[in-house]
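Trainee: Quick one: sequence and predicted model below, then my questions.
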Amino acid sequence: MLSNDDLHEFRQRLEQDLAALEGDAETRKAGTETVELDQTRTGRLSRMDALQGQAMAKATEARALRRMERIRAALRRIDEGTYGDCARCEEPIAVGRLQADPATLVCIACAERSEQR
């Protein structure tokens, strides 16, 4: 079971991570804007580069949105008193695993079982 100090530390880390992701949202969004295909202004290879950059920016944005949702879910679990318990087996998640990823949902044993499937 996690101590109150541990929970406070994890909450702070999660809130900082969430604030950083939210703060970068405008920068990420700028890269996902529609690529203008005006042939008089941009060559074909430049447009292809722009489209590839746009696709990468969209993938980055999708990852950031998933990460923010995982962080918000972890903060809810702290509020509900279930943070640190594996979502599958309900055993405590090792503190070291939470330190590596405070938003993790499962213990290492359940994560390994999922990867073997």
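Mentor: Sure thing, it's come through. Numbers count the residues shown, from 1 in each chain.

Trainee: Distance of the most centrally placed residue in the chain relative to residue 21?
Mentor: Central residue of the chain (C-alpha atoms, centre = their mean): residue 67, 1.5 Å from the mean position. Here residue 67 is placed at a distance of 6 Å from residue 21 (C-beta to C-beta, to the nearest Å). Every residue, glycine included, has its C-beta placed from N, CA and C.

Trainee: Can you mark which positions in the strand or helix carrying residue 6 are buried?
Mentor: Assigned by DSSP states H and E, residue 6 falls within helix 4-23. Buried positions in helix 4-23, judged by neighbour count with 16 or more other C-beta atoms under 10 Å: 10-11, 13-14, 17-18, 21.

Trainee: nearest to residue 80, of these?
Mentor: residue 11 (12.7 Å; C-beta to C-beta).

Trainee: and the residue lying closest to the closest one once chain neighbours are set aside, which of the three is it?
Mentor: The spatially closest residue to residue 11, leaving aside those adjacent along the chain, is residue 78, at 5.5 Å (C-beta to C-beta, 6 or more residues apart in numbering). Counting by DSSP: H, G, I helix; E, B strand; the rest coil, the backbone at residue 78 sits in helix.
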